[in-house]
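Enquirer: Following is a predicted model, sequence given first.
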Amino acid sequence: MKYLSTRGHAGQPANPEFCDILLGGLAPDGGLYLPETYPQVTRAELDAWRGLSYAELAFVILSKFITDIPAADLKAICDKTYTAEVYRHVRAGDDARDITPVHWLEKDADGRGRFGLLELSNGPTLAFKDMAMQLLGNLFEYVLAKRGETINILGATSGDTGSAAEYAMRGKHGVRVFMLSPHGKMSAFQRAQMYSLQDDNIFNIAVTGMFDDAQDIVKAVSNDHAFKAGHKIGAVNSINWARVAAQIVYYFKGYFAATESNDEQVAFCVPSGNFGNICAGHIARQMGLPVARLILATNENDVLDEFFRSGVYRPRRAAETHVTSSPSMDISKASNFERFVFDLVGRDPRKVAALWAEVDAGRAFDLSGTDEFARIGAFGFVSGESSHADRLATIRKVFEQYGVMIDTHTADGVKVAWEHAAAVPAGVPVLVLETALPVKFAETIVEALGREPERPADLEGIEKLPQRVEVMAPDAEAVKRFIAERV
Ligand SMILES: Cc1ncc(COP(=O)(O)O)c(C=O)c1O
Ligand SMILES: N[C@@H](CCOP(=O)(O)O)C(=O)O
């Protein structure tokens, strides 16, 4: 499989393969890598895949995108990654061997699931990021050893990518992680998960700004080609295609869990910020997975909801970005949205480059009234927004009605999924992606329910551990100096 850049210049080689872009992160023209074409899944393949374990499914799907790692090696990496020991934090009664079990909230009279949670947060750091990041850790280790290289990962987090990356990379040979987080904007649990790590290869930098400032720094450093090459800078955010590829797998797994035959459809509701998660759902649908609807949910930072309703993409400045009780979605400039717009404009890199020239200059773009936006219905998206009050009411309702405690981001998803029930064809089950566990956002859970969420034994007392973090202004040059002094 060869890859291209959404902006037209994929670098050298002109059409790189998977292992090159795994280490490369952002394309040299500032665009994002995508496969030249989306591999199509045949009906015979879907039939054969139903019933596969998560690791087996990951192998067959990733084999379509990764053609430069021998099959036996890729299989071994998938088997090592997707184990019940790694994804162990399942709800009582669910089976960790499923890796991403579905927890049904509503079933019909025949006992068939109608509305449920796709559990994606059972990994080491209790957020969906572990689904891809654990694989990335193993892929990096494999490819770096094969090539005799090292990598210095520069990432940005609004709370969950950071800890998932650090847990996946800590102690890994040849890998250092420099992770930028928004100072004072994450939950106490999220901060403790990251800042309490004392491993020599982990560096936490808290920038006095928002997530978008941190993400801008990652892009600025990646776009300094001399620095990037000289300091072997890599990426683990969903700008890295490998993250998106790994996330495609659980859409297939969720589909098989929610249906009995491949004639049926399913709808997914995805709490969204950087558009990485739902971008994987979009690609699964483009590959032929029978997805009736992709329901996109935002919090008060509603830039994506605004686009799907109006055709206007208007990234907000840091000062206009709300600090909310679903903090991991406090994002106003969604990196992966560029991948979707590439498909929307007929995969024309010149159009994407022109649109992102506007975005990079701090302006909006407006596709309303264009032929492209007229086609948006074909992509299956609907969207909605959720507020702090909605979040509290949804957490309460789900707890009272079903006895299930959900986190604040998943609550945004449930609220928007309920709101869009009429947009889903009759009889089609709806899965809300559970993107984090409630203990990560205990303060809001206590506000909603008057009780503390359950805490896994292995994360007991982490807030009391000593923390190690460097606080810095959001300045790409200062970050470069910090990295250069340590590699
Ligand atoms: C808990 C949680 N939910 C939802 C999101 C939004 O996902 P995405 O950025 O892939 O749209 C994030 C962060 O990315 C997250 O950490
Ligand atoms: N919500 C994320 C933000 C970064 O998203 P990514 O998927 O691009 O890594 C976080 O928790 O850090």
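Expert: The structure has been received and is ready for your questions. Ligands and ions are numbered 1, 2, ... in the order given.

Enquirer: switch to C-alpha atoms for all contacts and neighbour counts from now on
Expert: Fine.

Enquirer: Could I get the average pLDDT for stretch 148-163?
Expert: Averaged across stretch 148-163, the pLDDT comes to 97.

Enquirer: From the opening residue of it to its closing one, how far?
Expert: 26 Å (C-alpha to C-alpha, to the nearest Å).

Enquirer: If we go by neighbour counts, what in it is buried?
Expert: Of the residues in stretch 148-163, those scored as buried under the neighbour-count criterion (16 or more other C-alpha atoms under 10 Å) are 150-163.

Enquirer: Inside helices: which ones of these?
Expert: Under the assignment DSSP state H, the buried residues of stretch 148-163 contribute 161, 162, 163 to helices.

Enquirer: Tell me who's in contact with the second one.
Expert: The neighbours of residue 162, taking C-alpha atoms under 8 Å, 6 or more residues apart in numbering as the test, are 155, 156, 179, 180, 181, 194.

Enquirer: Please list all residues in contact with the fourth one.
Expert: It refers to residue 180. Applying C-alpha under 8 Å, 6+ apart as the definition, the contact partners of residue 180 turn out to be 154, 155, 156, 157, 162, 204, 205, 206, 207, 214.

Enquirer: Provide the count of other residues in contact range of residue 400.
Expert: Counted with other C-alpha atoms under 10 Å, residues neighbouring residue 400 total 12.

Enquirer: any idea which element it lies in?
Expert: helix 388-402 (DSSP states H and E).

Enquirer: now swap in residue 309 and tell me
Expert: Of the helices and strands defined by DSSP H and E, residue 309 is found in helix 303-310.

Enquirer: Please tell me how far the residue nearest to residue 289 when sequence neighbours are not counted sits from residue 57.
Expert: On the basis of C-alpha to C-alpha, 6 or more residues apart in numbering, the spatially nearest residue to residue 289 that is not a chain neighbour turns out to be residue 252, at 7.1 Å. Summarising the geometry, the distance separating residue 252 from residue 57, computed by C-alpha to C-alpha, is 8 Å.

Enquirer: Which phi and psi values does residue 377 adopt?
Expert: Torsion angles at residue 377 (phi, psi; degrees, to the nearest 10) stand at phi -60, psi -30.

Enquirer: same deal with residue 384?
Expert: When quoted as degrees, to the nearest 10, the phi and psi of residue 384 stand at phi -160, psi 170.

Enquirer: Buried residues in whichever helix or strand comes after the helix holding residue 400, which are they?
Expert: Proceeding C-terminally, helix 388-402 gives way to helix 408-419 as the next helix or strand, assigned by DSSP H and E. Judged by neighbour count (16+ other C-alpha under 10 Å), helix 408-419 contains these buried residues: 408, 409, 410, 411, 412, 413, 414, 415, 416, 417.

Enquirer: Tell me how far the fifth one lies from residue 224.
Expert: Pointing back at residue 412 there. Remark: distance between residue 412 and residue 224 (C-alpha to C-alpha) = 37 Å.

Enquirer: what's the answer for the third one, then?
Expert: Counting by C-alpha to C-alpha, the separation of residue 410 from residue 224 is 37 Å.

Enquirer: Just the C-alpha atoms of stretch 458-469, please, in PDB.
Expert: Extracted in PDB, the C-alpha atoms of stretch 458-469 (Å, rounded to 0.1, in the frame of the first residue of the first chain):
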ATOM      1  CA  ASP A 458      -3.600  -0.400  39.800                       C
ATOM      2  CA  LEU A 459      -4.400   3.300  39.700                       C
ATOM      3  CA  GLU A 460      -5.100   3.800  43.400                       C
ATOM      4  CA  GLY A 461      -3.600   6.900  44.900                       C
ATOM      5  CA  ILE A 462      -1.800   8.100  41.800                       C
ATOM      6  CA  GLU A 463      -2.600  11.800  42.600                       C
ATOM      7  CA  LYS A 464      -0.400  11.500  45.700                       C
ATOM      8  CA  LEU A 465       2.700  10.400  43.700                       C
ATOM      9  CA  PRO A 466       5.500  13.000  43.100                       C
ATOM     10  CA  GLN A 467       5.100  14.800  39.800                       C
ATOM     11  CA  ARG A 468       7.700  15.900  37.200                       C
ATOM     12  CA  VAL A 469       6.700  18.600  34.600                       C
END
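
Enquirer: what about it, average pLDDT?
Expert: On average, stretch 458-469 scores 96.

Enquirer: And that stretch, how far out from the chain middle?
Expert: Taking the mean C-alpha point of stretch 458-469 and that of its whole chain, the gap between them comes to 25 Å (C-alpha atoms, centre = their mean, to the nearest Å).

Enquirer: what about stretch 455-464, how long is it end to end?
Expert: The first residue of stretch 455-464 is 14 Å away from its last residue (C-alpha to C-alpha).

Enquirer: In the stretch 1-150 of the chain, which residue sits closest to ligand 2?
Expert: Among residues of the stretch 1-150 of the chain, the one nearest ligand 2 by C-alpha to the nearest ligand atom turns out to be residue 129. It sits 7.0 Å away.

Enquirer: Say whether ligand 1 is contacted by stretch 140-157.
Expert: No - Stretch 140-157 lies out of reach of ligand 1 by C-alpha under 6 Å from any ligand atom, never closer than 8.0 Å.

Enquirer: what's the answer for stretch 229-237, then?
Expert: No - between stretch 229-237 and ligand 1, judged by C-alpha under 6 Å from any ligand atom, nothing touches; the nearest distance is 9.0 Å.

Enquirer: can you check stretch 408-419 too?
Expert: Yes - contact check for stretch 408-419 against ligand 1, using C-alpha under 6 Å from any ligand atom: residues in range are residue 409.

Enquirer: any idea how far residue 466 is from residue 83?
Expert: From residue 83 across to residue 466, the span is 30 Å (C-alpha to C-alpha).

Enquirer: So if I had to pick from these two, which one is more boxed in?
Expert: With neighbours defined as other C-alpha under 10 Å, residue 83 and residue 466 compare such that residue 83 has more, 17 against 11.

Enquirer: name the element the more buried one belongs to?
Expert: When secondary structure is defined using DSSP H and E, no element contains residue 83, which sits outside every helix and strand.

Enquirer: Residue 252 and residue 57 - which one has more neighbours?
Expert: Counted by other C-alpha under 10 Å, residue 252 and residue 57 do not tie: residue 252 has more neighbours, with 24 against 19.

Enquirer: Would you confirm that that one contacts residue 282?
Expert: No - in this structure, residue 252 sits apart from residue 282 without contact. The criterion is C-alpha atoms under 8 Å, and the distance is 11.7 Å.

Enquirer: ok, the nearest residue to residue 404 once chain neighbours are set aside to residue 115 distance?
Expert: Of all residues not flanking residue 404 in the chain, residue 398 sits nearest, at 6.0 Å (C-alpha to C-alpha, 6+ apart). Counting by C-alpha to C-alpha, the gap between residue 398 and residue 115 amounts to 12 Å.

Enquirer: more neighbours, those two?
Expert: When residue 398 and residue 115 are compared for neighbours, residue 115 comes out ahead with 23 against 16, by other C-alpha under 10 Å.
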